[in-house]
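S.K.: Attaching a predicted model along with its sequence, questions to come.
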Amino acid sequence: MQINDKSGVQDYIANTQRYETMTYNRTGKSGILLSALSIGLWHNFGFIDNIQNGRDILRTAFDLGITHFDLANNYGPPYGSAEENFGTIFKKDFKNYRDELFIATKAGFDMWPGPYGNLGSRKYLISSLDQSLKRMGLDYVDIFYHHRPDPDTPLEETMGALADIVRQGKALYVGISNYQPKETQEAAEILKRSNVPFILHQARYSMLDRWVEDGLLNTLEQNGVGCIAFSPLAQGMLTDKYLKGIPKDSRAAKSLTYLNEETVTSNIEKVQLLDAIAQKRGQKLSQMALAWILRQPQVASVLIGASSSGQLKENVKALDNLSFSEDELKMIEKIVS
């Protein structure tokens, strides 16, 4: 898909003050600082979406100091299209800023037909990254993740593939996603023996989904690995969208992307109580939800999606109030526990 510029010359000039207002957090015990909020390209960047809108979102993100762009091989739809669209936008707007960006991609879920296009084999991971680099027009990514555990492939094979990817110069760092604490510990030990920079675990985490607090955050801290949280707004439940019911055009009404009417209905009272606290803090519910995750010392960054640059700007305002009083934390805990 093409961007309709009149010339091939890069015409985007980034905001010169982009680093002055963004918060940056150290990632585990590594040398990497990540913007407290990162932009995820899971939705709104596929071939079915408006590439000009995606371009505007990424420009806005970088202008606000967001340096981390997160992709995966199968983001779209169709699979691969988010990476291809990102490659088009990167070539037009961000090529001159490559060394200021921290770009991620992943492999682990279904990508192509047959026995070698899924899970965690060496063949799949290395082949997938080669395809991703080609789609994005990059020589390397800053971090490459194994997207989910593979129960049938030896962990040594999967981690060995990540190690070789770093040695080949195709990724600077490696990460894992959706691993349980025990699996995370085992992966960390293998990668440490291989002297591979394992710096991030990408995990689902929100006020309504706190599984990472049951051992994972402690495991990451013990191994000097940072956490980056995805789905921080619980697929939209922790926004003002569902405060008065379920809109007909909403994700829940259509039962899209892990959200349905039953899930919203069962959580609506909690969401309304949390919104009352957010209002007293002078924040939107979504902004408070992001700030609440960032209070955890192990969390380096929170991944947010955006359907427009305006929505992105609203989420970034979460950084204006990251502190919580003891009373606020106790009230939130009582609601969500």
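M.R.: Alright, I've got the coordinates.

S.K.: Surely Arg18 touches Gly65?
M.R.: Yes. With contact defined as CB atoms under 8 Å, Arg18 reaches Gly65; the gap is 4.6 Å. C-beta coordinates here come from the backbone N, C-alpha and C atoms, glycine included.

S.K.: more neighbours, these two?
M.R.: Applying other CB atoms under 10 Å to Arg18 and Gly65 shows that Gly65 carries more neighbours, namely 21 against 18.

S.K.: give me the element that one is part of.
M.R.: Assigned by DSSP states H and E, Gly65 falls within no helix or strand.

S.K.: List the contacts of it.
M.R.: Contact analysis of Gly65 by CB atoms under 8 Å, 6 or more residues apart in numbering lists 18-22, 35.

S.K.: Of those residues, which pair is most distant in space?
M.R.: Greatest spatial distance among those (CB to CB): Glu20 and Ser35, at 12.6 Å.

S.K.: In terms of neighbours, single out the busier of the two.
M.R.: The residue with more neighbours, out of Glu20 and Ser35, is Ser35; 25 against 8, by other CB under 10 Å.

S.K.: quick one: contacts for the more buried one?
M.R.: 22-24, 65-68, 301.

S.K.: out of the residues you listed, who has the most neighbours?
M.R.: Ser301 (28 neighbours).

S.K.: That residue is in contact with Leu33, isn't it?
M.R.: No. Taking CB under 8 Å as the definition, Ser301 is not a contact partner of Leu33, at 9.6 Å.

S.K.: May I see the buried residues of stretch 75-94?
M.R.: 75-76, 79-90, 92-94 (16 or more other CB atoms under 10 Å).

S.K.: meant to ask about stretch 92-109
M.R.: Those would be 92-94, 97, 101-109, for stretch 92-109 by 16+ other CB under 10 Å.

S.K.: so which of the residues you listed comes closest to Gln283?
M.R.: Phe102 (26.9 Å).

S.K.: Next, give phi and psi for the closest one.
M.R.: Main-chain dihedrals, Phe102, degrees, to the nearest 10: phi -120, psi 100.

S.K.: so where do the strands sit in the stretch 151-300 of the chain?
M.R.: 171-177, 198-204, 226-230, 299-304 (DSSP state E, counting those that start in this stretch).

S.K.: so how far is stretch 122-133 off the chain centroid?
M.R.: A distance of 20 Å separates the centroid of the chain from that of stretch 122-133, by CA atoms, centre = their mean, to the nearest Å.

S.K.: buried stuff in that stretch?
M.R.: 124-129, 131-133.

S.K.: In JSON lines: the contacts of Gly65, plus pLDDT and distance to Gln283.
M.R.: Formatted as JSON lines, the contacts of Gly65 follow (pLDDT from 0 to 100; distance: CB to CB, whole Å):
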{"residue": "Arg18", "pLDDT": "98", "distance to Gln283": "23"}
{"residue": "Tyr19", "pLDDT": "98", "distance to Gln283": "24"}
{"residue": "Glu20", "pLDDT": "97", "distance to Gln283": "22"}
{"residue": "Thr21", "pLDDT": "93", "distance to Gln283": "17"}
{"residue": "Met22", "pLDDT": "98", "distance to Gln283": "18"}
{"residue": "Ser35", "pLDDT": "98", "distance to Gln283": "19"}
